[in-house]
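Engineer: Whatever this is, show me its structure:
(one chain, ligands or ions: 2)
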Amino acid sequence: MTDMLHLSPEALESLSMRVLRHHGLDEAHAGAITRVVIAGQRDDCQSHGVYRILDCVRTIRAGKVNTAAQPRLVDGAGSIVRVEADFGFAPLAFERGLDPLTHLARRQGIGALVIRHCVHFSALWPEIEALTERGLVALALTPSHAWVAPAGGRRPALGTNPIAFGWPRSGRDPYVFDFATSAIARGDLELHRRSGQPLPTGCGVDAEGRPSTDPLAVMAGAMLTFGGHKGSALSTMVELMAGALIGDWLSSESLDHDAGAKASPCHGELILAFDPAVFGDSAESQARAETLFEAIESQGARLPSQRRYAARARSREQGIAVPRALYQEIQALAPDA
Ligand code: NDP
Ligand code: PYC
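Structural biologist: Ligands and ions are numbered 1, 2, ... in the order given. Model prediction:
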């Protein structure tokens with residue numbers, strides 16, 4: 001028996017919708033979550049693919065998300081669109097803010113989407129790609145739970161705090177990167193724990209502050225940022241920009257709110273969009289960017305997201321690969337399992 005199933009997007013969508021609807025989410029929320037997790041699985045992002053359905057269900061069962069939330073636009077001003085997520089899951093809140101953010105960026109050259117009070121479990125690149133598809137340059141930041149020690153420290157104070165950026169390219173997949181500012185994403189640490197694999201070195205310390213590759217010991221101690229003091233500063237910037245600046249929780253407040261439930265983090269998100277056509281001559285900026293990408297690729301280096309785009313093409317041909325054990329675990333959460 002093979003360990004991998006290859007499924008059509010429709011089959012996965014139907015499973016995800018059944019599970020999420022059964023656990024009390026309406027069609028709109030379940031649909032937005034389903035789109036994000038299936039995109040992750042399709043692109044071989046195992047830590048943010050359909051595995052996240054388990055997280056969503058745990059969060060719902062723990063009472064840490066408002067399943068009746070109706071994300072809505074509120075009191076935006078100047079270059080800012082605000083969406084109040086009302087403690088619901090983030091993907092629908094992003095979808096509700098996407099058009100207003102696009103209009104703002106096209107009108108003024110720059111726009112900020114501030115999402116407040118959302119439960120966040122997803123990768124950021126689907127949001128970035130939604131903007132690059134519209135010809136916009138995009139940057140997204142969000143805190144998480146305070147699992148990560150600052151460089152030089154050993155007590156968690158920062159989240160895994162991802163930063164994602166996208167640049168649209170005509171006739172090609174966009175340039176996109178999206179990474180945790182921790183040396184390993186929490187989702188990947190979880191996958192190591194589930195499969196009993198040690199972590200790569202440099203990802204965390206145990207409760208006594210000693211370097212450890214044991215996922216459980218690191219969970220009891222602290223994760224580390226990537227790149228020492230540089231990752232630590234970037235992670236701090238995420239707390240400041242997508243927490244303090246937008247008037248929402250830091251990762252430490254998200255973890256306090258969690259109170260041991262092990263639910264998805266709850267906080268805000270900041271997404272910036274820039275229209276190259278308003279900044280200047282977009283043909284010229286495209287040409288400069290292509291010169292840079294060529295200089296990178298011509299020496300054998302790859303651009304970020306190329307692995308994902310290759311997985312996307314594979315999924316189109318062969319179906320979306322899902323570990324059989326994970327599929328069965330999700331299936332067991334469906335009403336007719
Ligand atoms: P990775 O380290 O797997 O990848 C980071 C980025 O670098 C990707 O864009 C990747 O592209 C690119 N990359 C990887 N290797 C190379 C290479 N050799 N050359 C060029 N580019 C490369 O990401 P993380 O594990 O740090 O994060 C995974 C996901 O977790 C992200 O999507 C992030 O948004 C999510 N996350 C979400 C959080 C939240 O609070 N919501 C918190 C933390 C993380 P490619 O994918 O093509 O390999
Ligand atoms: O992988 O670090 C992570 C993460 C946190 C919230 C969602 N993903």
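
Engineer: residue boundaries of the strands in this structure?
Structural biologist: Counting by DSSP state E, the chain has strands at residues 4-7, 72-77, 80-89, 110-119, 137-141, 148-149, 163-169, 172-179, 204-205, 222-224, 266-274, 320-323.

Engineer: Could you dump the ones you listed into TSV and include distance to ligand 1 and mean neighbour count?
Structural biologist: C-betas here are computed from N, CA, C, even on glycine. Shown next, in TSV, are the strands of the chain (distance: least, CB to the nearest ligand atom, whole Å; neighbours: other CB atoms under 10 Å):
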stretch	distance to ligand 1	mean neighbour count
strand 4-7	19	16
strand 72-77	22	12
strand 80-89	11	22
strand 110-119	10	23
strand 137-141	8	24
strand 148-149	10	26
strand 163-169	6	21
strand 172-179	3	19
strand 204-205	14	24
strand 222-224	10	25
strand 266-274	8	25
strand 320-323	15	20
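
Engineer: worst average pLDDT in those strands?
Structural biologist: Ranked by mean pLDDT, these bottom out at strand 72-77, with a mean of 89.

Engineer: Partner strands of it, with direction?
Structural biologist: Neighbouring strands of strand 72-77 in its sheet, by DSSP bridges, are strand 80-89 (antiparallel).

Engineer: From the chain's centroid, how far away is the strand it pairs with?
Structural biologist: From the chain centre to the centre of strand 80-89 is a distance of 16 Å (CA atoms, centre = their mean, to the nearest Å).

Engineer: could you check the angle strand 110-119 makes with that strand?
Structural biologist: With axes from the mean of the first three to the mean of the last three CA atoms, to 10 degrees as the basis, strand 80-89 and strand 110-119 are set at 20 degrees to each other.

Engineer: Which residues does strand 80-89 contact?
Structural biologist: Strand 80-89 has contacts (CB atoms under 8 Å, 6 or more residues apart in numbering) with 25, 29, 32-33, 56, 65-76, 92-94, 96-97, 100-101, 104, 111-121, 264, 266.

Engineer: Which among the strands of the chain is found nearest to residue 20?
Structural biologist: With CB to CB as the measure, strand 80-89 is the member of the strands of the chain nearest residue 20 (9.2 Å).

Engineer: CA atoms of the closest one as PDB?
Structural biologist: What follows is strand 80-89, C-alpha atoms only, in PDB (Å, rounded to 0.1, in the frame of the first residue of the first chain):
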ATOM      1  CA  ILE A  80      -5.700  52.100   5.200                       C
ATOM      2  CA  VAL A  81      -8.500  49.500   4.700                       C
ATOM      3  CA  ARG A  82      -9.500  47.900   8.000                       C
ATOM      4  CA  VAL A  83     -11.300  44.600   8.300                       C
ATOM      5  CA  GLU A  84     -12.600  43.600  11.700                       C
ATOM      6  CA  ALA A  85     -12.400  39.800  11.700                       C
ATOM      7  CA  ASP A  86     -14.300  39.500  15.000                       C
ATOM      8  CA  PHE A  87     -12.200  36.600  16.200                       C
ATOM      9  CA  GLY A  88     -13.000  34.500  13.200                       C
ATOM     10  CA  PHE A  89     -10.500  32.700  11.000                       C
END
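
Engineer: can the strands of the chain go into a markdown table with extra columns for distance to residue 233?
Structural biologist: Shown next, in a markdown table, are the strands of the chain (distance: least, CB to CB, whole Å):
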| stretch | distance to residue 233 |
| --- | --- |
| strand 4-7 | 40 |
| strand 72-77 | 29 |
| strand 80-89 | 25 |
| strand 110-119 | 22 |
| strand 137-141 | 13 |
| strand 148-149 | 13 |
| strand 163-169 | 12 |
| strand 172-179 | 15 |
| strand 204-205 | 19 |
| strand 222-224 | 14 |
| strand 266-274 | 17 |
| strand 320-323 | 36 |
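
Engineer: Near the closest residue to residue 16 other than its chain neighbours, how many other residues are there?
Structural biologist: The shortest distance from residue 16 to any non-neighbouring residue, by CB to CB, 6 or more residues apart in numbering, is to residue 34 (4.1 Å). Look at residue 34: counted by other CB atoms under 10 Å, it has 24 neighbours.
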